[in-house]
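Undergrad: Here is the input, now give the coordinates:
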Amino acid sequence: MYTEESVETFLKNQGQLFDEAVASSYEEAEEFLEDCMAVELKTLKEVRAYFDEAGADISGMTDEELEDASEVFVLPSGGYLLVEG
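TA: Predicted structure coming up:
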């Protein structure tokens with residue numbers, strides 16, 4: 001359901017969102033992403049649209065601030081993984 005890049009990025013960087021690890025293996029990370037219904041998005045514009053639809057007030061946030069949000073995982077290929085904790 002999720003790209004290998006998304007699962008590996010989350011597994012490696014889960015500390016940006018959680019104080020303690022929620023997954024210790026690729027399989028656990030993939031299952032966690034499925035359980036919390038994480039979303040893969042291609043552009044920052046899509047990230048903004050997602051947050052807007054969810055009712056989050058991000059109107060004053062710059063692109064850099066949005067990328068730095070703990071729920072937003074920037075993927076090496078340039079896409080984004082949103083994980084709500």
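Undergrad: Can you mark which positions in the helix or strand containing Val47 are buried?
TA: Taking DSSP states H and E as the definition, Val47 sits inside helix 44-53. Neighbour-count burial for helix 44-53 flags 44, 47-48, 50-51 (criterion: 16 or more other CB atoms under 10 Å). Placement of C-beta: from N, CA and C, glycine included.
Undergrad: so which of the residues you listed would you say is closest to Glu64?
TA: Leu44 (9.8 Å; CB to CB).
Undergrad: shouldn't Tyr26 be in contact with Val7?
TA: Yes - Tyr26 is within contact range of Val7, at 5.9 Å (criterion: CB atoms under 8 Å).
Undergrad: Between those two, which has more neighbouring residues?
TA: More crowded of Tyr26 and Val7, by other CB atoms under 10 Å: Val7, with 22 against 13.
Undergrad: Relative to Gly55, how far out is that one?
TA: As judged by CB to CB, to the nearest Å, Val7 and Gly55 stand 28 Å apart.
Undergrad: next one: Phe73
TA: Applying CB to CB, the value for Phe73 to Gly55 is 21 Å.
Undergrad: between these two, who's got more neighbours?
TA: It is Phe73, of Phe73 and Gly55, that has more neighbours when counted by other CB under 10 Å, with 22 against 6.
Undergrad: Got phi/psi on that one?
TA: Dihedral pair for Phe73: phi -110, psi 120, per degrees, to the nearest 10.
Undergrad: Quick check: it touching Val83?
TA: Yes - applying CB under 8 Å, one finds Phe73 in contact with Val83, separated by 6.5 Å.
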